[in-house]
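Next input, structure requested:
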Amino acid sequence: MAPSLFDDPEDTPEQPSQDAPETETEALPDLFTEAVTDDAEDEPWEASETFAVADEAAEPEPEPAAEPAEAPEPLVDLVQPAAVRTGAQRSSEAARSVRLFHFADVHLGVETYGKYNPETGLNTRLEDFTDSLNQAIDRALESDIDLAVFAGDAYKARDPNQTHQRAFAAALKRLTDSGVPVALLVGNHDIPNTRGRAHALEIYGLLGGAGVTILQRPEVVPIQTRKGEVLVAGMPYLTRSRVIAQDEARGKSVEEVAQIVRDRYVSYVAQLAREVAERPDHIAVLTGHFTILDARVGVQGFLNNPNEPQVPAASIAHPVFDYVAMGHVHKHQEMNRGAQPPILYSGSIDRIDFGERGEQKGFILADLRKGHADWKFVPLQTRRFLNIEVDAGDSEDPTKTLLAEIARHPLAGSVVRCLYRVPNDRAALVRTEELRAALSAAHLVVALQRDMPTSDALVRSQALTESVTPERALAMYLELQPRLAPRKDALLAAARPLFEALEQEALLR
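Residues are numbered from 1 along each chain as shown. Got it, this is the predicted structure:
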């Protein structure tokens, strides 16, 4: 039997046992018969393909042949249709308890703030993310895990190169070679931009890798662990352009469109809960890749993005689920206020940019039994991001003041941004050569610059470019223009196709 996650009682979070109330939801439309119109093409498409199923131009899947109930497969066949995968293995014995490894947002391929490593030929940030992923797997395997759930976004780009694929595949192999089955959920960074292209995780299923299950649409999949069978319900990321028909979105505001997508999430999760309820003896994990209302992101706090559907936690806190493993938001946080089931963002495994400089990165270990979960966040050792800001305006020797402040920070191996404020009449007293020498222990100095006095116009410009999305920035601009304000909705609708690619690349940072 695996040791308790909470050997140190001081580290044990309080976990009230009451279940969150189940919310009423409207009936889910028939995903596999209802046709809607894609706003990128005129021809009808199947609604079951709205979940970024890779080959959207492929022929419909054939009806699966019935399998003998007395001879279930020991592991899920990854190339079977979902209908077979959710119903063919009912004779497997349900697990009484399992230890779960929950991780997300690996984003292999991020190279910002890195540099070329001549010894390996790789970017140092790719090495950082790969090291963080392997750290997580080391700790998870040492903890005797039974099941791994990855909650989306394996790569930075939708078309990862072979080096990035090799790093992720090698990490997964370490888990499966140890007898740990892995469920991979499709996130927004895993979805192709073009109809008919494979998603970034599809190859792991098509290769028939034993122990790897791909969740690319809303579905419930039984997964066999060494402790018995566990149900994993997947709710992948929904792209707006694939969920809402062009006619449905016409004339609606950004907020109204986001509300439609939010309601789809609520309906799909409700249907998943109903499917899980048919097997009440099974431990059930819901994994999702979307934003929960009031989730905190980066140094800015709450999400300020009208394009992003935000799903209330109460809408997914169905008591039939024993744990909810979330991805998409990079900051680790618990969203169900300590109630059961815990709804947890594991957060990303490494820092993407300076907006995440204060966040502890890591993963989650959870001990699950039917009706209750105990969990623990496990931090990882990651590269520091230091933002050094110095006001030397009143100093007789601004260089001395700056050097003293720089010396207070742990520079070794860090990514550093240093901004200083000095009035115009003292700017010539700043000896930048000495400052650069003082910063030489850093892994990378991305900025050493004087923070110039800003006018109100420049402050507003910074807010528009750093705090909100381009679509929201345009909306704010239109609202301030008396001549254009009455036409705001029409202008936003006309501009919306231009923002689609940007939205898919960088919804959250």
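
Looking at residue 482 now. What's its pLDDT?
Per-residue pLDDT puts residue 482 at 63.

Okay, helices next: where are they in the chain?
82-87, 124-142, 162-177, 202-206, 240-243, 246-249, 254-277, 398-406, 432-438, 456-466, 470-479, 488-505 (DSSP state H).

Would you convert those into JSON lines that also reports distance to residue 375 and mean pLDDT?
Where C-beta positions appear, they are placed from N, C-alpha and C, glycine not excepted. Listed next are the helices of the chain as JSON lines, based on distance: least, Cβ to Cβ, whole Å; pLDDT from 0 to 100:
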{"stretch": "helix 82-87", "distance to residue 375": "26", "mean pLDDT": "35"}
{"stretch": "helix 124-142", "distance to residue 375": "13", "mean pLDDT": "97"}
{"stretch": "helix 162-177", "distance to residue 375": "19", "mean pLDDT": "91"}
{"stretch": "helix 202-206", "distance to residue 375": "26", "mean pLDDT": "53"}
{"stretch": "helix 240-243", "distance to residue 375": "31", "mean pLDDT": "73"}
{"stretch": "helix 246-249", "distance to residue 375": "38", "mean pLDDT": "70"}
{"stretch": "helix 254-277", "distance to residue 375": "19", "mean pLDDT": "93"}
{"stretch": "helix 398-406", "distance to residue 375": "39", "mean pLDDT": "96"}
{"stretch": "helix 432-438", "distance to residue 375": "43", "mean pLDDT": "96"}
{"stretch": "helix 456-466", "distance to residue 375": "34", "mean pLDDT": "43"}
{"stretch": "helix 470-479", "distance to residue 375": "34", "mean pLDDT": "77"}
{"stretch": "helix 488-505", "distance to residue 375": "31", "mean pLDDT": "70"}
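
got those as JSON lines, with distance to residue 423 columns?
Formatted as JSON lines, the helices of the chain follow (distance: least, Cβ to Cβ, whole Å):
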{"stretch": "helix 82-87", "distance to residue 423": "65"}
{"stretch": "helix 124-142", "distance to residue 423": "36"}
{"stretch": "helix 162-177", "distance to residue 423": "47"}
{"stretch": "helix 202-206", "distance to residue 423": "58"}
{"stretch": "helix 240-243", "distance to residue 423": "48"}
{"stretch": "helix 246-249", "distance to residue 423": "51"}
{"stretch": "helix 254-277", "distance to residue 423": "42"}
{"stretch": "helix 398-406", "distance to residue 423": "9"}
{"stretch": "helix 432-438", "distance to residue 423": "17"}
{"stretch": "helix 456-466", "distance to residue 423": "17"}
{"stretch": "helix 470-479", "distance to residue 423": "31"}
{"stretch": "helix 488-505", "distance to residue 423": "38"}
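
out of these, which comes closest to residue 106?
helix 124-142 (5.6 Å; Cβ to Cβ).

Taking helix 162-177 as reference, get the angle to the closest one.
0 degrees (axes from the mean of the first three to the mean of the last three Cα atoms, to 10 degrees).

CA atoms only: put helix 124-142 into PDB for me.
This file holds the C-alpha atoms of helix 124-142, laid out as PDB (Å, rounded to 0.1, in the frame of the first residue of the first chain):
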ATOM      1  CA  THR A 124      17.900  26.400 -22.900                       C
ATOM      2  CA  ARG A 125      14.200  27.100 -22.300                       C
ATOM      3  CA  LEU A 126      13.300  23.800 -24.100                       C
ATOM      4  CA  GLU A 127      15.700  22.100 -21.700                       C
ATOM      5  CA  ASP A 128      14.100  23.900 -18.700                       C
ATOM      6  CA  PHE A 129      10.600  22.600 -19.600                       C
ATOM      7  CA  THR A 130      11.800  19.100 -20.400                       C
ATOM      8  CA  ASP A 131      13.700  19.000 -17.100                       C
ATOM      9  CA  SER A 132      10.500  20.200 -15.200                       C
ATOM     10  CA  LEU A 133       8.500  17.500 -16.900                       C
ATOM     11  CA  ASN A 134      11.000  14.800 -16.000                       C
ATOM     12  CA  GLN A 135      11.200  16.200 -12.400                       C
ATOM     13  CA  ALA A 136       7.400  15.800 -12.100                       C
ATOM     14  CA  ILE A 137       7.500  12.200 -13.500                       C
ATOM     15  CA  ASP A 138      10.400  11.300 -11.100                       C
ATOM     16  CA  ARG A 139       8.400  12.500  -8.100                       C
ATOM     17  CA  ALA A 140       5.200  10.900  -9.300                       C
ATOM     18  CA  LEU A 141       6.800   7.500  -9.900                       C
ATOM     19  CA  GLU A 142       8.600   7.700  -6.500                       C
END
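
remind me which residues of this structure are low pLDDT?
Low-confidence segments of the chain (pLDDT under 70): 1-91, 190, 192-210, 246, 298-306, 452-468, 482-483, 500-509.

Outline the domain layout of it.
Domain segmentation of the chain under automatic domain parsing yields 23-379, 385-442, 456-505.

May I see the ones you listed organised as a markdown table, with distance to residue 449 and mean neighbour count added?
Compiled in a markdown table, the domains of the chain are given as follows (distance: least, Cβ to Cβ, whole Å; neighbours: other Cβ atoms under 10 Å):
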| stretch | distance to residue 449 | mean neighbour count |
| --- | --- | --- |
| domain 23-379 | 14 | 19 |
| domain 385-442 | 6 | 16 |
| domain 456-505 | 14 | 14 |
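
TSV please, covering these and showing distance to residue 450.
Below are the domains of the chain laid out as TSV (distance: least, Cβ to Cβ, whole Å):
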stretch	distance to residue 450
domain 23-379	18
domain 385-442	6
domain 456-505	14
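
Nearest to residue 446 among the helices of the chain would be which one?
Across the helices of the chain, closest to residue 446 is helix 124-142 (Cβ to Cβ), at 11.9 Å.

closest one to residue 94 among the helices of the chain?
helix 254-277 (11.8 Å).

Could you tell me how far the closest one lies from the centre of the chain?
18 Å (Cα atoms, centre = their mean, to the nearest Å).

same check, this time on stretch 357-368
With Cα atoms, centre = their mean as the basis, stretch 357-368 stands 13 Å off its chain's centre.

sorry, back to before: so which of the helices of the chain comes closest to residue 343?
Nearest of the helices of the chain (Cβ to Cβ): helix 254-277, 11.2 Å.

Report all helices and strands that that closest one contacts.
If you count contacts as 3 or more Cβ pairs under 8 Å, 6 or more residues apart in numbering; DSSP states H and E, helix 254-277 packs onto strand 219-225, strand 228-235, helix 240-243, helix 246-249, strand 284-289, strand 310-311, helix 470-479.
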